[in-house]
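A.B. asks: here are the coordinates; sequence isn't available:
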């Protein structure tokens, strides 16, 4: 080697160094190449330059080996080693140009995919000692061992990664790290690595110190939150059937166990109980997964700065309503139907009029058989226990099961054309189904039949009643079933959030931290892909973009800002696909909304608009003219979507005549589901705030009266600050007022199961309202008159009376604005949610947003939440496509 300056002369302070590289390859090439490189050139860059100079195939793998003595040992350089630095350690004479036979030179050799060197003249390794020497020198890869972190593989490529994962999986090691990312392979069986001792084992350990485990991710997330005082999130991704839901359950179990410090509080038990309830109502068996989540969920666990759980919130995304009425071959409806039908007692079967599963149109399929009856009975018992954990009263559970039975009976409603007389329309039956349906929903049979057979249209001057055609009637029937189930699921999520609400949120504002766990639907590509798969795969595109930003783009920008040497990593940027779907104004979702609002549009005109706008888009692949489908090139591959029912599914709202029918129900629970009685929905979240405020007034009045020896002056004033500076503990105030002892978790003396009984008891005491009024009637406060709270409370307790008296619903809002602004109410209910908005703003007649618009809003809010937190990633993989234990 020699040192050259800019004009080619040797210089002690030169900028370029000449390296002599001798290729030792199986193909004929030049015997030597001379490269001019800088002092800081890495072995990787020298190899790249040498391959280009020699005209070699740059797709193959090569290594650089250092040879000091002719015929001596050869040592393979790591990609980050600096060859010039090695040369500077050679004898001075060896640093000048010299022949290969004098020693001190570099060899360029080809590397195999398994990490070994393709050494043409290497003799056969005859003993273990020689093999170890070659491994140490880099000519042979380490013995086939399973590495806990893929980043430690000597050669990092697809083959070596898959080999390492396979070897670990065969040893029942289903978890592997890739840096801070956890890879989890679904074994399709339970492994004994999740008991409490493992939670303790991984507690407060640095990532990588112990064997990879999902508890390690939970632990490092928890302590990172406490140490940095920054919210954390864990994003779980993977295709359907890869084990995302079970991974979520393990994470929640560990996160709550870390907080318990030796005991379990009510809110932690409630968090654990919420999972089985949501799975029963939101999961189903599909072709790829026996327990597939048909909705997305984000569970945010809130902590005090001390690390104790404060409460939690569950958000759900895009329940697959169409599964209720139709499915692909070898798939099932939602789990809860089979749990109920197989696991119910004889008494429950009589009460809910239950039939056998194969007798329901919404459940039966060709060659329908229940082969897992014992498992279903066990799952029903587990569901019952979980519902109790989240606070469902026995009476409430009966109401839920009654609605589920009604939904199944709706599928058994049949239609036939009227055969006699001139009257147009349909005959509906069978009579016993209609009678049972009427009894389960507590609605009159005549309006039920009308809602199932006729459409009511209101014009400027008249109301028209038009009979449905046969296909329209079936659509109306299915729409009613889907709307009921969707409303039931929304109600269950809301009640779970009520149970997860910490009572102290209503009393004080405390700084909280959070850990969010995202379990969202995996990428899907079935034989038939529809609107649901379109939305699901769009969500996965957004999450892939989020992953790319954090793992590649933001990391490289941070290196650049800090002046750290790095090599640019090429990755597939999917922003083009996201723009195709959601960029205004021509994104597919916006075109879909346009066509959904146009009365004369069809699925055919929608597809034509898609093709017209995006025929030149790289991510939009054209299909034959007559095929009612389109193809999108996603990050995970091409997916063909059938355009059929896109518009209908995008505007799948509850029909007005069905709303009117259910609002006429004699069963209060049914009215709650469709939003007639929002006071009942939010009774405990809002009334607790009102009653506790009244209790504070009552207590302040007692203290003031005690100071004045029982003399009450009619016009006396007590400043509001006096109430705030009270030395009487809030808990003591509650003990003086028994009616205030309401709580949303099980940590209180009075259990959640008693809520409805308490409320019924309070409502039966006719003098209670007068008693409270008398206790504060002489108490005047600076600011608003406290009697307004009593008026608000009265509206909440008797909302139907308010609606009946209020003939102009546009002029006033049902729930007072001051209560809507309550921090805890916003926190629990989530005012961005579609269901809640429709409940809280019944006076608005504006058409509700489309399903895709709601989904986009929810997804944007989710990404905003994730963007404010430090992320950890878990990538779930299926071990085999047959879902077999191996």
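C.D. replies: All right, it came through fine. These figures come from a predicted structure and were not determined experimentally. Numbers count the residues shown, from 1 in each chain.

A.B. asks: okay, now the domains of this protein?
C.D. replies: Domain assignment of the chain by automatic domain parsing yields the ranges 3-137, 531-643, 676-807.

A.B. asks: which of these has the lowest mean pLDDT?
C.D. replies: Among those, domain 676-807 has the lowest mean pLDDT, at a mean of 43.

A.B. asks: show me where the stretch 51-200 of the chain has helices.
C.D. replies: In the stretch 51-200 of the chain, the segments counted as helices under DSSP state H, counting those that start in this stretch are 83-87, 128-137, 158-170, 196-202.

A.B. asks: how far away is the closest residue to residue 219 other than its chain neighbours from residue 172?
C.D. replies: Sequence neighbours aside, residue 202 is the residue nearest to residue 219 in space, at 4.8 Å (criterion: Cβ to Cβ, 6 or more residues apart in numbering). Every residue, glycine included, has its C-beta placed from N, CA and C. Remark: distance between residue 202 and residue 172 (Cβ to Cβ, to the nearest Å) = 18 Å.

A.B. asks: ok, residue 84 touching residue 35?
C.D. replies: No: applying Cβ atoms under 8 Å as the test, residue 84 and residue 35 come out as separate, 10.5 Å apart.

A.B. asks: overlap in contacts of these two?
C.D. replies: With contacts taken as Cβ atoms under 8 Å, 6 or more residues apart in numbering, residue 84 and residue 35 have residue 19 as neighbours in common.

A.B. asks: mind listing what's buried along the helix of greatest length in the chain?
C.D. replies: In the chain, taking DSSP state H as the definition, the longest helix is helix 470-500. The neighbour-count check on helix 470-500 (16 or more other Cβ atoms under 10 Å) flags 472-474, 476-500 as buried.

A.B. asks: what does stretch 645-662 give?
C.D. replies: 646-647, 649-655, 657-659, 661-662.

A.B. asks: try stretch 300-319
C.D. replies: For stretch 300-319, burial by neighbour count (16+ other Cβ under 10 Å) applies to 300-304, 309-319.

A.B. asks: ok so, going back, which of the helices of the stretch 51-200 of the chain sits most buried?
C.D. replies: For those, the largest average neighbour count (mean count of other Cβ atoms under 10 Å) is found in helix 83-87, namely a mean of 19.

A.B. asks: which residues touch residue 344?
C.D. replies: With Cβ under 8 Å, 6+ apart, residue 344 has these contacts: 352, 354, 380, 401.

A.B. asks: end to end, how far does stretch 571-591 reach?
C.D. replies: 30 Å (Cα to Cα, to the nearest Å).

A.B. asks: mind listing residues that contact it?
C.D. replies: The contact list for stretch 571-591 (Cβ under 8 Å, 6+ apart) reads 534, 538, 541-542, 544-545, 548, 552, 606, 609-610, 613-614, 617-620, 632-635, 852-853, 856.

A.B. asks: out of the contacts of residue 344, what pair is the most spread apart?
C.D. replies: 352 and 380 (12.9 Å; Cβ to Cβ).

A.B. asks: shared neighbours of these two, which are they?
C.D. replies: 340, 344.

A.B. asks: could you check the pLDDT of residue 652?
C.D. replies: pLDDT, read off for residue 652, is 73.

A.B. asks: does it really touch residue 478, like I thought?
C.D. replies: No: at 9.8 Å, residue 652 does not count as touching residue 478 under the criterion of Cβ under 8 Å.

A.B. asks: of the buried residues of stretch 300-319, which belong to strands?
C.D. replies: Under the assignment DSSP state E, the buried residues of stretch 300-319 contribute 300-304, 309-317 to strands.

A.B. asks: would TSV of the residues you listed with distance to residue 338 and pLDDT be doable?
C.D. replies: Output for these, formatted as TSV (distance: Cβ to Cβ, whole Å; pLDDT from 0 to 100):
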residue	distance to residue 338	pLDDT
300	31	93
301	30	92
302	34	91
303	37	92
304	41	90
309	33	89
310	36	86
311	33	86
312	28	90
313	29	91
314	24	92
315	27	91
316	21	91
317	24	88
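
A.B. asks: from those residues, which is closest to residue 596?
C.D. replies: Of those, the one sitting nearest to residue 596 (Cβ to Cβ) turns out to be residue 317, at 19.7 Å.

A.B. asks: tell me, how many residues neighbour the residue nearest to the closest one when sequence neighbours are not counted?
C.D. replies: Spatial nearest neighbour of residue 317, excluding adjacent residues (Cβ to Cβ, 6+ apart): residue 296 at 3.6 Å. Residue 296: 23 surrounding residues under other Cβ atoms under 10 Å.
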